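Engineer: pasting the sequence and the predicted coordinates here, then a few questions.
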Amino acid sequence: MKTTSEFIAVFDAQGIEYRTETDGSLITDCPPCGIENKGTGKAKIFPDGGFTCQRFAGTGAAEHRQEMLSAWNLESAVKPSSFMSETILDGQVTFEIERGERGKQRVTARNCKSVLHVDVFNLSDSSARVKFIKNLNLPEPDALTTSRTLIDLADRFYRVNEAALDDDEDQEPALTTFAVLKDGRIIEETTNGFACYDPVSESTTIEKSVTDEDGTAYKPLINGGRADKIGLFLASGVEEYFAEEQLDADILKFIEKYVDISEQNRAISSKYIRMTYRIDSLNEVPYLHATGNSGNGKSRFTQTIGLLCYRPMFTIDATAVFAPYLHHQLEQTG
Ligand SMILES: [Zn+2]
């Protein structure tokens, strides 16, 4: 049961006209009666929140009341609903819509006995809707009814969830260089934004910001590719390396090009570089340290190897201007 004040809040927000009676009840136009061109229908909302259409009584009154609620968007306004259902074809098929991952919707079609089909897709995508309906194997006229129902549900769903989605945007984004999202995606800051790996499609995209399924927004810790100003060198992107042998060969080639060290040191360094990318799963790590007299190429070595390591930091380049970033950086990456 809704309270009268909930009705008033919803009516005010939607610009719906109503009249307050001396006994505290509200009178307004009944929306489904208006749609059916039986405009004389007046809805009465009692002080205890119960409501009725003064024209409509008897068979179908419960459905009529449900229509009133959904026309007023009342369920959504009181509690943003992530679940909606609609039964069509004389009770043969029921659709259920829930909020799915990444702005998609989970749509379930069931008859009284079993689930006919379930899929997660964007309801506003017409080809995805057609595909879903095809899977139900309904005769032509029923498929048409189904299609209309899905469009209607999509419309209702978006209207109801709009408020909730707007709220998400108001949240302060979390600044980070790396995160594992609740929906399974993994984000890693690069100089161009986040490299975002999606385990479902097994693909990586570059995103300026990312929003998790629970609405948490993430933005790169250091914006505008300024990371190198504090001595933090981020990857510029993500590329497929195809085979580990190829990756090893590419690393060795890079080292050979920029620093003159023995073959053995090259081999050790290349393995060290790859180890740094597994650093989160290791408890202790060895530290690659160059020794020797000054001028023998220690810093050249450190820079060359360091640039290939996972998220290297060259403190030598840190400037006072970016000290706050450095502080953040230390907090975030440990
Ligand atoms: Zn009515």
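Structural biologist: Received it, and whenever you're ready, just let me know what you need.
Engineer: any weak-confidence spans in the stretch 151-300 of the chain?
Structural biologist: By pLDDT under 70, the low-scoring segments of the stretch 151-300 of the chain are 160-171, 223-231.
Engineer: again, only using 90
Structural biologist: Scanning the stretch 151-300 of the chain for pLDDT under 90 picks out the ranges 151-179, 183, 189-193, 199-209, 212-217, 219-245, 261, 276-300.
Engineer: can you give me the helices for the stretch 1-150 of the chain?
Structural biologist: In the stretch 1-150 of the chain, the helices defined using DSSP state H, counting those that start in this stretch lie at 4-14, 31-35, 61-71, 74-78, 126-134, 140-170.
Engineer: out of those, flag the one nearest the ion.
Structural biologist: Of all the helices of the stretch 1-150 of the chain, it is helix 31-35 that lies closest to the ion, at 3.4 Å by CB to the ion. In this view, the C-beta of every residue, glycine as well, is placed from N, C-alpha and C.
Engineer: returning to that earlier point: pick out the shakiest of the helices of the stretch 1-150 of the chain, pLDDT-wise.
Structural biologist: Among the helices of the stretch 1-150 of the chain, helix 74-78 has the lowest mean pLDDT, at a mean of 56.
Engineer: next one: stretch 181-196 to chain centre, how far?
Structural biologist: 12 Å (CA atoms, centre = their mean, to the nearest Å).
Engineer: for it, which outside residues touch it?
Structural biologist: With CB atoms under 8 Å, 6 or more residues apart in numbering as the contact definition, stretch 181-196 has outside contacts at 101-102, 176-180, 197-200, 204-210, 212-214, 216, 218, 220-222, 225, 227-228, 234-238.
Engineer: show me what residue 193 is bridged to.
Structural biologist: residue 190 (DSSP bridges).
Engineer: that one: neighbour count?
Structural biologist: Counted with other CB atoms under 10 Å, residues neighbouring residue 193 total 19.
Engineer: what do you get for residue 221?
Structural biologist: Residues near residue 221, counting by other CB under 10 Å, number 20.
Engineer: just residue 139 next, same as before
Structural biologist: Residues within reach of residue 139, counting by other CB under 10 Å, total 7.
Engineer: re the thing from before, now intersect the contacts of stretch 181-196 with the strands, please.
Structural biologist: 176, 178-180, 197-198, 204-207, 210, 218, 220 (DSSP state E).
Engineer: of those residues, just the buried ones, ChimeraX syntax please.
Structural biologist: To isolate the buried members of these in ChimeraX, using 16 or more other CB atoms under 10 Å:
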select :176,178,179,197,204,207,210,218,220
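Engineer: from the ones in strands among the contacts of stretch 181-196, which single one is nearest residue 95?
Structural biologist: Minimum separation from residue 95 among those (CB to CB) is found for residue 198, which lies at 27.1 Å.
Engineer: ok, that closest one touching residue 238?
Structural biologist: No. Assessed by CB atoms under 8 Å, residue 198 is found out of contact with residue 238, at 12.0 Å.
Engineer: now do the shared contacts for those two.
Structural biologist: Common neighbours of residue 198 and residue 238, counting by CB under 8 Å, 6+ apart, are residue 204.
Engineer: near the ion, which residues of the stretch 151-300 of the chain?
Structural biologist: Among all residues of the stretch 151-300 of the chain, none is adjacent to the ion (criterion: CB under 5 Å from the ion).
Engineer: could I get the helices of the stretch 1-150 of the chain as JSON lines with mean neighbour count?
Structural biologist: Converted to JSON lines, these look like this (neighbours: other CB atoms under 10 Å):
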{"stretch": "helix 4-14", "mean neighbour count": "15"}
{"stretch": "helix 31-35", "mean neighbour count": "17"}
{"stretch": "helix 61-71", "mean neighbour count": "16"}
{"stretch": "helix 74-78", "mean neighbour count": "18"}
{"stretch": "helix 126-134", "mean neighbour count": "15"}
{"stretch": "helix 140-170", "mean neighbour count": "14"}
